[in-house]
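K.L.:
What follows is a predicted protein model with its sequence.
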Amino acid sequence: MSIMKNNLSGARTASKQSGPRRGPRKAGFGPVAAMIPGVLFLAAIAIYPTIYSLSVSLTRWRLTTGEDPRFVGLENYANLLSDSSFWNSVRVTLVFVIFAVSIEFLIAFLMALLFFRGFPGDKLMRTLILLPMLCAPIVVGLLARFSLEPTFGIVNQLMRSFGLPTTEFLGSTELALPTLIAIDVWQWTPFLFLIFLAAMQGLPEEIIEASKLDGASWPKIIWHQFLPLLQYPLMVGILLRLIDSFRVYEIIFMTTRGGPIDATSTMSWQIYDVGFRSFTISYAAAYSWLLLLLVLFTVNLLIRRMVPKF
Amino acid sequence: MTIPDVRTRRRRPIIHRASVGLRAIIAAVMTLVFVAPVLWMITTAFKTGNQAFSTEVQWFFTPTLDNFIGILSGFGFVKAFSNSLQVSLISSLLAILLASGIAYPLARFDIRGKSAILGTILSLRIVPPIVLIIPLFLVMRTIGLTGTLTAIIIMHVFMNLPLAVWLLRGFFEDVPKEIEEAAQIDGLSGLGIFFRIVLPLAIPGVAATALLCFVFSWNEFLFASILSNAGSQTLTVALTQYVTPVGTQWTFIMAAGTLVAIPVWIAALSAQKYLVRGLSFGAVK
């Protein structure tokens, strides 16, 4: 078990590695002084704007009219909660996040199992699989738009060669959101795959050998050994994907721009739209606060669910 | 069927070999799914318009460099490239510098509220950028920084700091403590120990962290698009301008996309050894 921990949860246990014999050095003024610039910088960018944003969200302020912000209390929040386009964006965001992350998790886990016991060429394939993840999301958006183009796009050409009809993936209200999810899955499954595979390869061989000697089949080994032992890296992977999928913006900017109608209008997109296209900055600020609360709530829920002691 | 029953596999090595072959084939198909679109982007970049817009994909054709020449000679691509390079390099260096200041004391000294500090820094990663951009846009506008590279650099340093702190802390902890203690006995000051002992020993990790910061900064779009103007556009922002409602020049765009992606591929592949650790915030080594 101790080898396991060192392999998997380095961030948490590395301090234990550096020797139980001596405690860490007592910090004088020097080390604390070294931390000040970075901490002040973080505080300046994170804390002040957060408070500022909260106060802006309590006003009525449009950048286009040139009027000064006027205090209106919770009016923006009340309007939001009775705004059907707000609830639509919550729904779209949650559908996107839940489906994208679970599909990515499933495919990545299966792919990691596939690559776990090597085969000729696995190193090269592993490196090639990383390419989508390393493209800028804006490039992926462009590529998606080009690939899904009805007449000369590669996807429709492939579909036609299988006798399937030409499909407007991004232009249909039913297909647009699943298509965006598929694009996200294409780009980010490699990320989870990379983490899961590394974690699996860090598992001590003895555990697998011992289970085999006990006559356990692979599905049993995966279910009873892999899943519990890999809990921490699996959770970190899902958590990072969850946090990032809430901010999906670039591929929407490049492909559907929230449409058709508002089928792909996620909260991130709506906030941009309200704040920087119609310049109702106070409404957008209130909107951002509700998004932040939703993200915190979801992340918290997951952490509690997955690791009771976290 | 990809995972053969272990008992049959032991008894019959032929089945074992077959299963390796089967797994290799499935893996190759999966790899193709992830690589084909990228490959298509790169090949399109070398095509003429007629070759690109045929209704059959042409995998074999006479390549042309016209798209790249066109890109590099117009549309301010070179300017955007230089902007991106400046933003990514300066912001990564600053992030490493500020993060080292936080990470090294946290790795080595007994500091009160250590885990609270680390937890708070990590939780900054949870906040979606769109939430921060509205107040920060207003602040930057007030102090006259919108439309400058400085504004984008500040945001990218902020974006990369939590990751850099977490990674660097791990890399600094990996440096054997005994070496530092020996240096201390030899009379080196705290700063001396850091710059002359710890940093050189941790340099592969520090370099990998810097490369990751570079990649994230290079690929970033939201902050760069809202805080920049025509003169301070980064590459990702400039890319969006090739898409016009009428007559999108796809071969041009794919060439531009390839040029944007190449530095990242090079950076990430040179840090490949640390990629897993870097992308998982040090959780998986």
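P.N.:
Sure, I can see it. Values in this document were obtained by computation on a predicted structure and should not be read as measured data.

K.L.:
show me where pLDDT drops low in the stretch 151-285 of chain B?
P.N.:
Scanning the stretch 151-285 of chain B for pLDDT under 70 picks out the ranges B:244-248.

K.L.:
And the helices in the stretch 51-200 of chain A?
P.N.:
A:75-81, A:84-116, A:122-129, A:131-134, A:137-147, A:154-161, A:176-201 (DSSP state H, counting those that start in this stretch).

K.L.:
And these: which comes nearest residue B:149?
P.N.:
Residue B:149 sits nearest to helix A:137-147 of all these, at 18.3 Å, using CB to CB. The way it works is simple: take the backbone N, C-alpha and C, and place the C-beta from them, glycine included.

K.L.:
now what about that closest one, what contacts it?
P.N.:
A:132, A:135, A:153-155, A:170, A:179, A:183, A:186-187, A:249-255, B:37-38, B:40-41, B:44, B:219, B:221, B:236, B:239-240, B:243, B:250, B:253-254, B:257, B:260-261 (CB atoms under 8 Å, 6 or more residues apart in numbering or on different chains).

K.L.:
Mind checking which of these land in helices?
P.N.:
A:132, A:154-155, A:179, A:183, A:186-187, A:250-254, B:37-38, B:40-41, B:44, B:219, B:236, B:239-240, B:250, B:253-254, B:257, B:260-261 (DSSP state H).

K.L.:
For the stretch 1-150 of chain B, which segments are assigned as helices?
P.N.:
Under DSSP H, counting those that start in this stretch, the stretch 1-150 of chain B gives helices at B:6-11, B:13-45, B:49-52, B:66-73, B:77-108, B:114-123, B:129-142, B:149-174.

K.L.:
now the shortest one: mean pLDDT?
P.N.:
Okay, so that is helix B:49-52. Averaged across helix B:49-52, pLDDT comes to 75.

K.L.:
Which strands and helices lie in contact with that helix?
P.N.:
If you count contacts as 3 or more CB pairs under 8 Å, 6 or more residues apart in numbering or on different chains; DSSP states H and E, helix B:49-52 packs onto helix B:250-270.

K.L.:
now residue B:65: how far from residue B:54?
P.N.:
Distance, residue B:65 to residue B:54, using CB to CB, to the nearest Å: 20 Å.

K.L.:
Likewise for residue B:23?
P.N.:
36 Å.

K.L.:
Give me the more crowded residue out of those two.
P.N.:
Legend: neighbour count by other CB atoms under 10 Å in any protein chain shown for residue B:23 and residue B:54, higher for residue B:23 (22 against 14).

K.L.:
give me the number of residues near the nearest residue to residue B:260 once chain neighbours are set aside?
P.N.:
Leaving aside its sequence neighbours, residue B:260 sits nearest to residue B:235 (CB to CB, 6 or more residues apart in numbering or on different chains; 5.0 Å). For residue B:235, the neighbour count with other CB under 10 Å is 28.

K.L.:
Now do the contacts for residue B:235.
P.N.:
B:77, B:80, B:81, B:83, B:84, B:218, B:259, B:260.

K.L.:
one more time with 7 Å, if that's ok
P.N.:
Contact analysis of residue B:235 by CB atoms under 7 Å, 6 or more residues apart in numbering or on different chains lists B:80, B:81, B:84, B:260.

K.L.:
can you check residue A:90 too?
P.N.:
residue A:267.

K.L.:
Residue numbers of the stretch 151-300 of chain A in contact with chain B?
P.N.:
A:151-152, A:154, A:157, A:186, A:190-191, A:194-195, A:198-199, A:212, A:217-218, A:232-233, A:236-237, A:243, A:246-247, A:249-250, A:268, A:271-272, A:275-276, A:281, A:284-285, A:288, A:291-292, A:295-296, A:299 (CB under 7 Å from any CB of the partner chain).

K.L.:
Please type out the PyMOL selection for whichever of these turn out to be buried.
P.N.:
To isolate the buried subset of those in PyMOL, counting by 16 or more other CB atoms under 10 Å in any protein chain shown, use the following:
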select buried, chain A and resi 152+154+157+186+190+191+194+195+198+199+212+218+232+233+236+237+243+246+247+249+250+268+271+272+275+276+281+284+285+288+291+292+295+299
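
K.L.:
Might one say that residue A:268 is in contact with residue A:248?
P.N.:
Yes - between residue A:268 and residue A:248 there is a contact under CB atoms under 7 Å: 6.3 Å.
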